[in-house]
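K.L.:
Build the 3D model from these lines:
(one chain, ligands or ions: 1)
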Amino acid sequence: MKLTTLPEWTALLDHYDTHKHLHLRDLFAGDPERAKSLSLQAGDIFADYSKNRLTTDTLELLFDLARATGVEKLRDEMFAGAHINTTEDRAVLHTALRRQSADPLLVDGVDVAADVRGVLEQMGGFATAVRSGSWTGHTGKRIKTVINLGIGGSDLGPVMAVNALRYYSQRDITLKFVSNIDSTHLVEATRDLDPAETLFIIASKTFTTDETMTNARSARDWLVAGLGDETAVAKHFVALSTNATEVKKFGIDPANMFGFWDWVGGRYSLTSAIGLSLMISIGPDHFRELLAGFDVMDEHFRTAPLEQNLPVILGLIGIWYTNFFGSETEAILPYDQYLDRFAAYLQQANMESNGKSITKSGQSVDYATAPVVWGEPGTNGQHAFYQLIHQGTHLIPADFIGFMKPLNPLGEHHPKLIANLFAQTEALAFGKTAAEVQSEGVAAELVAHKTFAGNHPTNTILMPSLTPHTLGQLIALYEHKIFVQGAVWQINSFDQWGVELGKKLATTIYGEFKSDDHKTGHDSSTQQLIDRFLDQR
Ligand code: G6Q
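P.N.:
Residues are numbered from 1 along each chain as shown. Here you go, the predicted structure:
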């Protein structure tokens, strides 16, 4: 089956031709019930998707496309533990990590639910010991700083969530994250720290990732130099990994290794052992609330009919813009400072999952896949890049995310923040016509400059307040949105072969830096760069 020859796809193409010029001003004027009919509550999440350039007919056609491309079947296979990650022959079961049901979940003959419970208990015991001070360092001092050493999926989720849930954190423990192989990251993170009060969490599914292992070895050297004793490693290093052999080789006691499984993809691993830093920060009870929040959205996605299924709706709306309007990016704009790393997190989730151009059956696609995802918290973005969204030449669908109640109420800050959120979606949708600008007495030569075309699409996602439970729902909403899009695009959202080539070439070039003979047939540009580095370093 080729996506672009499906009748459901060509029906959308025809529909696009007749609907592409519709303006949100007219769509709203023509239907006083529009906001109500194009909004949905799922768990604690209220989503208003009425400010999109579509009609209910568009959505019908998109639901037809989802059915024709087997979104529901693939979803059911994922939840059942089928090996839907075909290129790596793996199940994709991050939903099992937060499943609240007490029933067993058999995958390849193993009850993964029991395994998950076991690791969660182990994590809970350790996190509680660090938080209470009963886990001490080598010299008997309490742990004051926890540094997570990991990269990609073993970093972005925990960083995002530790920031997002800082309100719930134990304030006498500082969490830090070191990911970059650039020594500056580790050196700055450990500057002025007392090794006797520092705990390193080595977060690496494979335990072979060069960035993480290089940082881990340097961190071990720093610690041993500071404490003057090799055996100190035992009380200052723990590992989150699937690779027990390598963990042991590094010198970490297997009792201090927190395991997970090959069916947890890196960028979907926050709720596995990879979340240990978060659990230390917010405590096991809050961590469990986060898991329960994820499960609310997992169950919604698993059971709601497509027409009332929020990840499905948001995924299909994204496809409408990417594949029919030709939009190339998507902005994530959270109006909450605690979500300052949320866009970066979704950038990986989206771009590593769906940045593919080969279908599952090995054909090149002749349609666009994942958008470029980016964003910053509001209102900062308003004073930086919103100009381009309002008056530039790109069509940039944007998600506005906000909370009804602030965690840190202070004077008029929160109502002002939320007023800005709502105002932006209104301005983007409806703009300001030349006639409206003229009627304000603006000089003729400035009218065009002060006119806003409007018709810029947005989703508004609102929740009561930022809690572990609502954050879990929000993350799962986006995970499943990405799933839906990958399913429609017929790609494998769960591999990431695109990261391999650069890794391999870096190993070769690094080898050449260390050998005498470094003329090994690179192109003239790469060779020039290598020579320059060798001469000038
Ligand atoms: C995510 C990717 C990737 C991965 C990192 C770290 O889905 O697989 O970002 O998380 O490369 O890998 P390790 O956890 O194995 O060190």
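
K.L.:
In which helix or strand does L65 reside?
P.N.:
helix 56-68 (DSSP states H and E).

K.L.:
Output the helix or strand just after that helix as PDB, nothing but the C-alphas.
P.N.:
Downstream of helix 56-68, the next assigned helix or strand under DSSP H and E is helix 71-80. Output in PDB follows, covering the C-alpha atoms of helix 71-80 (Å, rounded to 0.1, in the frame of the first residue of the first chain):
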ATOM      1  CA  VAL A  71      -3.400   3.400  13.200                       C
ATOM      2  CA  GLU A  72      -5.700   1.400  15.500                       C
ATOM      3  CA  LYS A  73      -4.200  -1.900  14.600                       C
ATOM      4  CA  LEU A  74      -0.600  -0.700  15.200                       C
ATOM      5  CA  ARG A  75      -1.700   0.900  18.500                       C
ATOM      6  CA  ASP A  76      -3.200  -2.400  19.700                       C
ATOM      7  CA  GLU A  77      -0.100  -4.200  18.600                       C
ATOM      8  CA  MET A  78       2.100  -1.800  20.600                       C
ATOM      9  CA  PHE A  79       0.100  -2.200  23.800                       C
ATOM     10  CA  ALA A  80       0.100  -6.000  23.400                       C
END
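
K.L.:
quick one: buried residues of helix 71-80?
P.N.:
71-72, 74-75, 78-79 (16 or more other Cβ atoms under 10 Å). Bear in mind the C-beta positions are built from the backbone N, C-alpha and C, glycine included.

K.L.:
Relative to the very next helix or strand once past that helix, what are the paired strands and their orientations?
P.N.:
Using DSSP H and E, the helix or strand that directly follows helix 71-80 along the chain is strand 106-107. Take DSSP bridges as the rule and strand 106-107 pairs in its sheet with strand 110-111 (antiparallel).

K.L.:
Go ahead and name everything in contact with the strand it pairs with.
P.N.:
Under the contact criterion Cβ atoms under 8 Å, 6 or more residues apart in numbering, strand 110-111 has outside partners 104-105.

K.L.:
show me the contacts for the closest residue to the ligand within the stretch 1-150 of the chain.
P.N.:
Going by Cβ to the nearest ligand atom, the ligand is nearest to G150 of the stretch 1-150 of the chain, at 6.1 Å. G150 is in contact with 158, 177, 179, 201-204, 212, 240, 274, counting by Cβ under 8 Å, 6+ apart.

K.L.:
Kindly reformat the buried residues of helix 71-80 as TSV containing pLDDT.
P.N.:
Formatted as TSV, these follow (pLDDT from 0 to 100):
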residue	pLDDT
V71	98
E72	98
L74	98
R75	98
M78	98
F79	97
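
K.L.:
what number of residues lie near the closest residue to the residue of the stretch 1-150 of the chain closest to the ligand other than its chain neighbours?
P.N.:
Leaving aside its sequence neighbours, G150 sits nearest to A203 (Cβ to Cβ, 6 or more residues apart in numbering; 3.2 Å). Per other Cβ atoms under 10 Å, the neighbour tally for A203 reads 34.

K.L.:
quick one: which helix or strand includes I332?
P.N.:
strand 329-334.

K.L.:
So what touches that strand?
P.N.:
Counting by Cβ under 8 Å, 6+ apart, 318, 321, 340, 342-343, 346, 350, 371-378, 381, 389, 394, 396-402, 424 sit against strand 329-334.

K.L.:
Buried ones only from those, please, as a PyMOL command.
P.N.:
A single PyMOL command selects the buried members of these (16+ other Cβ under 10 Å):
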select buried, resi 318+321+340+342+343+346+350+371+373+374+375+376+377+378+381+389+396+397+398+399+400+401+402+424
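
K.L.:
Go through the contacts of strand 329-334 and flag which are in strands.
P.N.:
Judged by DSSP state E, strands contain the following of the contacts of strand 329-334: 372-374, 398-402.

K.L.:
As TSV, the residues you listed with distance to the ligand and pLDDT would be great.
P.N.:
Listed next are these as TSV, based on distance: Cβ to the nearest ligand atom, whole Å; pLDDT from 0 to 100:
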residue	distance to the ligand	pLDDT
V372	17	98
V373	15	98
W374	18	98
A398	25	98
D399	22	98
F400	27	98
I401	23	98
G402	28	98
